[in-house]
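Undergrad: okay, here's the prediction I keep looking at, along with the sequence it came from:
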Amino acid sequence: MLFDLDGTLVDQQSAAAAAVVEWAAEHGMTGPDVAARWAVLSEKHYRRYQRRELTFPEQRRRRVREFLGVEASDAEADALFDGYVRRYEDGWTVFDDAVPGLRAVRGAGLGVVVLTNGNGDHQRFKLDKLGLTGEIDQLIAGDTLPVGKPDPRAFAHALERLGAAPHDVVMVGDSLENDIRGAQSVGIGAVLVDRNDAHPDADVPRVRELTHVLGVLRR
């Protein structure tokens with residue numbers, strides 16, 4: 001079973017919002033829209049990284065320069081981003097249902113593979129920091145993919161890595177576009193993690209908690 005990482009196993013969105021508010025205030029930027037503006041810029045430039053138009057460090061630098069409105073060298077942009085990322089990493093938390101859900105899947109005799117668009121080193125650090133490394137069998141990270149999710153080539157690459165056919169695999173993730181539609185595009189079944197009931201009309205199996213994944217697959 002393939003699992004997305006951020007937003008599915010780890011609550012990185014809350015961590016990002018809290019971190020950027022504190023970091024931005026340090027640079028004289030305050031207001032109710034700080035977190036939302038950072039989220040929009042992050043999505044824009046991270047999408048470019050996913051399409052391999054930018055490297056992982058480059059998308060970080062673009063985010064900093066545009067958000068702060070500064071002309072900074074690469075080294076200066078990296079130093080600025082460090083002020084944000086330290087707070088961001090300190091704020092990571094594992095969703096309460098993540099470990100029980102993973103253990104239920106493995107207890108049923110299924111392998112657990114994390115398929116993430118994130119940078120491999122950064123995601124391995126995240127898994128280690130949060131105690132999730134021992135809960136999974138394999139990590140397939142964005143920098144080993146030809147292109148990021150939802151591109152079908154990302155899922156085809158994962159199947160090749162695993163030596164598996166589409167009907168042998170299920171994708172579990174919180175993004176209807178990246179995880180669910182991407183998996184479906186190559187014939188992989190998918191389960192949407194919809195903790196906040198944001199997609200009540202989605203035409204796919206849907207769970208509010210990861211501990212319910214096996215239950216919807218058995219229906």
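TA: On my side now, so go ahead. Numbers count the residues shown, from 1 in each chain.

Undergrad: now do the buried residues in stretch 96-103.
TA: Judged by neighbour count using 16 or more other Cβ atoms under 10 Å, the buried positions of stretch 96-103 are 97-99, 101-102. Bear in mind the C-beta positions are built from the backbone N, C-alpha and C, glycine included.

Undergrad: mean confidence (pLDDT) on it, please.
TA: The average pLDDT within stretch 96-103 is 98.

Undergrad: same check on stretch 159-176?
TA: So the average pLDDT for stretch 159-176 ends up being 97.

Undergrad: low pLDDT regions in this protein?
TA: 219 (pLDDT under 70).

Undergrad: okay if I get the buried residues of stretch 96-103 as JSON lines plus distance to Glu66 and secondary structure?
TA: Shown next, in JSON lines, are the buried residues of stretch 96-103 (distance: Cβ to Cβ, whole Å; DSSP: H, G, I helix; E, B strand; the rest coil):
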{"residue": "Asp97", "distance to Glu66": "35", "secondary structure": "coil"}
{"residue": "Ala98", "distance to Glu66": "32", "secondary structure": "helix"}
{"residue": "Val99", "distance to Glu66": "37", "secondary structure": "helix"}
{"residue": "Gly101", "distance to Glu66": "37", "secondary structure": "helix"}
{"residue": "Leu102", "distance to Glu66": "36", "secondary structure": "helix"}
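
Undergrad: and the two most separated of those residues?
TA: Greatest spacing in these, by Cβ to Cβ: Asp97 and Leu102 (9.4 Å).

Undergrad: common neighbours of those two, please.
TA: Common neighbours of Asp97 and Leu102, using Cβ atoms under 8 Å, 6 or more residues apart in numbering, are Leu210.

Undergrad: contacting residues around the one helix or strand Leu127 maps to?
TA: In the assignment (DSSP states H and E), Leu127 maps to helix 120-129. Helix 120-129 is contacted by residues 5, 10, 56, 89, 92, 114, 116, 118, 132-133, 136, 139, 141-144 when judged by Cβ under 8 Å, 6+ apart.

Undergrad: tell me the helix or strand right after it.
TA: Counting by DSSP H and E, what follows helix 120-129 is strand 138-140.

Undergrad: which strands and helices lie in contact with that next one?
TA: strand 113-115, helix 120-129, helix 152-162 (3 or more Cβ pairs under 8 Å, 6 or more residues apart in numbering; DSSP states H and E).
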